[in-house]
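S.K.: just coords:
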C-alpha cells in the first residue's frame, strides 16, 4: 500500500510553488499539509499564508494545519543551557539548533499526535529546490521518509518557483524566516524595520533578553544592539541568507 504524503509547508517561495503544483495536479495530492509554528515566524509569512495560500488551497479542499510551538521541548535554550539560535559572537556564530528543535522535531511530534508512526509510516515532502540540494538530508526516523518534489519530480530552482507562483496569479511569496533570525542580511532587517516595526521591536526585545544573560551575543554581523542600528538595503546580491544559509534540518527558508 502506498504511504500517505504529508507536506511540510515552510511558508516561503518553494512551499508556495509546491502548493501551485498540487492545485494544478502536477504532483499528487497530499493527505495533509502542516506548518510548524516557531512562535517567532514573521508577520509577513503569516499574512501570506492566511490571505493568499489558505484561500488558494481551499479551491481544491486543502488547508495548512498548524503544529503548535507547544510541541517543542526547548525554546531559546537547550536542556544543557546552550543558546539554540545561531547568534553572532566576537569570534563567529553559534551553531543553530532552532530549526531542528522548533520545526523538524515539532513536525514529527505532530505527526505522531495525528496517528502516523511505526505502524503507519508516511512520506514527508519538503520544499528544497535544485539550487539548495545540499540541504536535502534523510529524516533519521524509520517511519518517516523525506522526499523533495522540486529535486526529482518537477525540478526547479528558487527563481523557477517564484515565476510559477506569479504565473499562477498569486502574489510573490515572502522569504520565510523568524523575525529574529541572525541569518538575515541587512536588506531583510531594513524591510523588517520599515514595514513590520512590531516584529522588529520583538527582535530588539529578544536580543536584549539574551544579552542580559550573556552580553557576548548579537543578532547581526554588526555586533551592536539592534536598537542602535539603522539598516540599509545597499548590500550586493547575496544568497537568501548570505554565506550561512544552510540550517541542517532543511526545514527553514522554504
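M.R.: Received, thanks. Just so it is clear, the structure is predicted and the values come from calculations on it, not from any experiment.

S.K.: count of residues packed around the nearest residue to residue 196 once chain neighbours are set aside?
M.R.: Closest residue to residue 196 apart from its sequence neighbours, by C-beta to C-beta, 6 or more residues apart in numbering: residue 43 at 5.2 Å. Where you see a C-beta, it was placed from the backbone N, CA and C, and this is true even at glycine. Neighbours of residue 43 under the rule other C-beta atoms under 10 Å: 15.

S.K.: Give me the below-cutoff pLDDT ranges for the protein.
M.R.: 1, 235-248 (pLDDT under 70).

S.K.: Can you show me the helices along this protein?
M.R.: Secondary structure of the chain (DSSP state H): helices at 13-23, 43-48, 54-58, 98-99, 105-113, 149-152, 158-167, 186-195, 197-213.

S.K.: Give me the residues contacting the shortest one.
M.R.: Meaning helix 98-99. By C-beta atoms under 8 Å, 6 or more residues apart in numbering, the list of residues contacting helix 98-99 from outside reads 38, 84-86, 178, 247-249, 251-252.

S.K.: Just the buried residues of these.
M.R.: 38, 84-86, 178, 247, 249, 251-252 (16 or more other C-beta atoms under 10 Å).

S.K.: so which of these would you say is closest to residue 19?
M.R.: residue 251 (16.5 Å; C-beta to C-beta).

S.K.: can you pull the contacts of that closest one?
M.R.: By C-beta under 8 Å, 6+ apart, residue 251 lies in contact with 8, 10, 36, 99-100, 103-104, 107, 126.

S.K.: Let's have those residues in CSV, adding neighbour count and distance to residue 187.
M.R.: Below are those laid out as CSV (neighbours: other C-beta atoms under 10 Å; distance: C-beta to C-beta, whole Å):
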residue, neighbour count, distance to residue 187
8, 27, 27
10, 25, 21
36, 28, 26
99, 23, 22
100, 17, 27
103, 26, 24
104, 25, 28
107, 24, 29
126, 27, 26
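
S.K.: Of the residues you listed, which belong to strands?
M.R.: Among those, DSSP state E puts 8, 36, 126 in strands.

S.K.: list the contacts for the first one?
M.R.: By C-beta under 8 Å, 6+ apart, residue 8 lies in contact with 34-36, 103, 107, 124-127, 251.

S.K.: and which of the residues you listed is nearest residue 228?
M.R.: Using C-beta to C-beta, residue 103 comes nearest to residue 228 of the contacts of residue 8, at 30.6 Å.

S.K.: from memory the closest one sits against residue 37, does it?
M.R.: No. Counting by C-beta atoms under 8 Å, residue 103 does not reach residue 37; the two are 9.4 Å apart.

S.K.: ok, residue 152 to residue 9 distance?
M.R.: Residue 152 sits 19 Å away from residue 9, going by C-beta to C-beta, to the nearest Å.

S.K.: the more surrounded of these two?
M.R.: A count of neighbours by other C-beta under 10 Å puts residue 9 above the other of residue 152 and residue 9, at 28 against 10.

S.K.: The more buried one and residue 30 touch, don't they?
M.R.: No. The pair residue 9 / residue 30 is not scored as a contact, 9.7 Å apart, by C-beta under 8 Å.

S.K.: Relative to residue 203, how far out is the closest residue to residue 146 other than its chain neighbours?
M.R.: Excluding the flanking residues, the one nearest residue 146 by C-beta to C-beta, 6+ apart is residue 139, at 4.7 Å. Between residue 139 and residue 203 the computed distance is 31 Å (C-beta to C-beta).

S.K.: Among the two, which residue is more densely surrounded?
M.R.: residue 203 (25 against 19).

S.K.: Now do that one against residue 209, distance only.
M.R.: 11 Å.

S.K.: for residue 81, same thing?
M.R.: 15 Å.

S.K.: Compare neighbour counts for these two and give me the winner.
M.R.: residue 209 (10 against 7).

S.K.: neighbours around residue 77, how many?
M.R.: 13.

S.K.: Settle this for me: it is touching residue 83, isn't it.
M.R.: Yes. Assessed by C-beta under 8 Å, residue 77 is found in contact with residue 83 at 5.9 Å.
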